[in-house]
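[1] Take this sequence and fold it.
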Amino acid sequence: MRTVSRVLAAAATAVLVPCLAAALPAASAANAAAGTTPTAHTGIAPVAGGARYLAYVRGTTTHKSYVPGDETTGTLHVLTATGKRLDLGPIMPRPGFSLVDATLIETSFSGPTENLKWWDLAKGTHGSATGAASEWAVGAAPDGWLLTTKVGGGHVIYQHFGGKRTDLGRPLPAGVGYSAVTGASGFVAYGDNDENGNGEIVFAPWAHPTKHTVLQKPKGQENSCSAVDVHWAACGLSDLTHSPLALIRVSDGKQVRTTNRCRFEFPALFGNHAAWVNPGSKGCPRGTVEMLDSHGHLTVSTRHGYNWYFRVGALGRFVTTNKAQTELLGLRTANGTPKVLARA
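    Residues are numbered from 1 along each chain as shown. Now for the predicted structure:
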């Protein structure tokens, strides 16, 4: 089973914090050895999004990239579809984020215990919770969040803001290791092969969360679904020599794939598009936006300079930053003019 930071895949920050953290102290050591004082600058990063809200973090860094949670400062903000901006205060160390409907959650581990903050953005209420050592949150849900047990093949549990818990059962057969991701329409559980996974992908709608629709039958492969929107889920599949990206329709399991040779990293979803920024590999242009639509059309931006570390789908756009992380940028098409949504 993946850690909570990987499970909250809609928040790219949560995935990248542990990856980049190991490299950051080396930069500090180099500055100390040279007897220089690093220059601090303000960075910005999108961390979660939905149709009505975009959550982002702004903070100070002395490194080339601003990674929320690895820096000494950082504050959480929300931009609404009506243009209103909310300041939600300082972030926790090494946080993970997830946003579904009007529910935003932030998670952070302190030893074996998970700390969680939640906000109902529509009602303006908020609270906190401490998880059991045997459980972790996998994502936000309407008026609460989902939990799973840390033992592979365990149950999914819905917890309401008020503390009431509902056992949603096992989305995959007993003993099958899986991860899960939540989104606008429901949650997807996928047999990820980290702990006896079988490649199966199932979907459960929020209206009937114990009713599981099989989107892909077991294939004995490792999958990694990163986002769920109203009609589609974005999943990386490893049943070919090159792992394809698939848009999977949650109503019937129809798959729209790309076999693009360029690497993708945890695509974001908005509408019927999966989108990501090319990290650069196999001669592919680093820093370009790529988008796959539900008809199988893949478009690549001619503009470079987007930041591949951070991306979410929010407010009907693909949201990332410029390379310097000084601007939060929203795109409706790969080659569209980016709209500046916030500045560092």
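
[2] So the residue nearest to T166 when sequence neighbours are not counted versus N307, what's the distance?
    Distances taken as CB to CB, 6 or more residues apart in numbering put Y158 closest to T166, at 4.5 Å, once the chain neighbours are dropped. All C-beta atoms are positioned from the backbone trio N, CA, C, and that covers glycine. From Y158 over to N307 the distance is 34 Å, taken as CB to CB, to the nearest Å.

[3] So for the two, which residue has more residues nearby?
    More crowded of Y158 and N307, by other CB atoms under 10 Å: N307, with 23 against 20.

[4] element containing the residue nearest to the more buried one when sequence neighbours are not counted?
    Closest residue to N307 apart from its sequence neighbours, by CB to CB, 6+ apart: T321 at 4.5 Å. For T321, the enclosing helix or strand under DSSP states H and E is strand 317-321.

[5] Check which helices and strands that strand is in contact with.
    strand 41-49, strand 268-270, strand 273-277, strand 289-293, strand 327-331, strand 339-343 (3 or more CB pairs under 8 Å, 6 or more residues apart in numbering; DSSP states H and E).

[6] Can you name the residues in contact with the fifth one?
    Contact partners of strand 327-331, identified using CB atoms under 8 Å, 6 or more residues apart in numbering, comprise 44, 46, 54, 56, 275, 289, 306, 314-315, 317-322, 338-344.

[7] quick one: it to strand 289-293, angle?
    30 degrees (axes from the mean of the first three to the mean of the last three CA atoms, to 10 degrees).

[8] quick one: strand 327-331 to strand 41-49, angle?
    Relative orientation of strand 327-331 versus strand 41-49 (the same axes, to 10 degrees): 30 degrees.

[9] Please tell me how far strand 327-331 is from the chain's geometric centre.
    17 Å (CA atoms, centre = their mean, to the nearest Å).

[10] what lines up beside it in the sheet?
    strand 317-321 (antiparallel), strand 339-343 (antiparallel) (DSSP bridges).

[11] May I have the strands that pair with the helix or strand containing the residue nearest to T166, each with its orientation?
    Y158 is located in strand 156-160, with elements delineated by DSSP H and E. Paired neighbours of strand 156-160 in the sheet (DSSP bridges): strand 144-149 (antiparallel), strand 165-167 (antiparallel).

[12] Show me what counts as buried in the first one.
    With burial defined by 16 or more other CB atoms under 10 Å, the residues of strand 144-149 counted as buried are 144-148.

[13] Of those residues, just say which sits nearest to G50.
    W145 (14.3 Å; CB to CB).

[14] OK, contacts around that closest one?
    W145 sits next to 98, 103, 105, 116, 118, 137-139, 158-159, 182 when contact means CB under 8 Å, 6+ apart.

[15] cool, and H41?
    60-62, 344.

[16] Would you mind naming the residues that bridge with it?
    T61.

[17] Switch the contacts of W145 over to a markdown table, and while doing so, append secondary structure to every line.
    Shown next, in a markdown table, are these (DSSP: H, G, I helix; E, B strand; the rest coil):
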| residue | secondary structure |
| --- | --- |
| S98 | strand |
| T103 | strand |
| I105 | strand |
| L116 | strand |
| W118 | strand |
| A137 | strand |
| V138 | strand |
| G139 | strand |
| Y158 | strand |
| Q159 | strand |
| T182 | strand |
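
[18] Poorly predicted segments of the stretch 1-150 of the chain, please.
    Along the stretch 1-150 of the chain, the parts satisfying pLDDT under 70 run over 1-37, 71-72.

[19] if you set the cut-off to 80 instead, what comes out?
    Along the stretch 1-150 of the chain, segments meeting pLDDT under 80 span 1-38, 69-73, 150.

[20] In it, what residue spans correspond to helices?
    Taking DSSP state H, counting those that start in this stretch as the criterion, the stretch 1-150 of the chain contains helices spanning 4-7, 12-21, 24-34.

[21] Kindly provide the distance from the closest residue to Y56 other than its chain neighbours to A268.
    Spatial nearest neighbour of Y56, chain neighbours left out: P46 (4.8 Å); criterion: CB to CB, 6+ apart. Computed as CB to CB, the P46 to A268 distance reads 9 Å.

[22] Also L104?
    Taking CB to CB, one finds L104 at 16 Å from A268.

[23] Same question for V312.
    Using CB to CB, we find V312 at a distance of 5 Å from A268.

[24] picking up where we left off before, so which of the helices and strands packed on strand 317-321 is nearest G163?
    Across the helices and strands packed on strand 317-321, G163 has its closest neighbour in strand 41-49 (22.9 Å, CB to CB).

[25] Can you show me the CA trace of the closest one as CSV?
    Extracted in CSV, the C-alpha atoms of strand 41-49 (Å, rounded to 0.1, in the frame of the first residue of the first chain):
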residue,chain,number,x,y,z
HIS,A,41,12.6,34.1,-2.4
THR,A,42,8.8,33.5,-2.3
GLY,A,43,7.4,30.5,-4.2
ILE,A,44,3.9,29.3,-5.0
ALA,A,45,2.5,25.8,-5.7
PRO,A,46,-1.0,24.4,-6.5
VAL,A,47,-1.9,21.5,-4.2
ALA,A,48,-5.6,20.6,-4.7
GLY,A,49,-8.5,21.6,-6.9
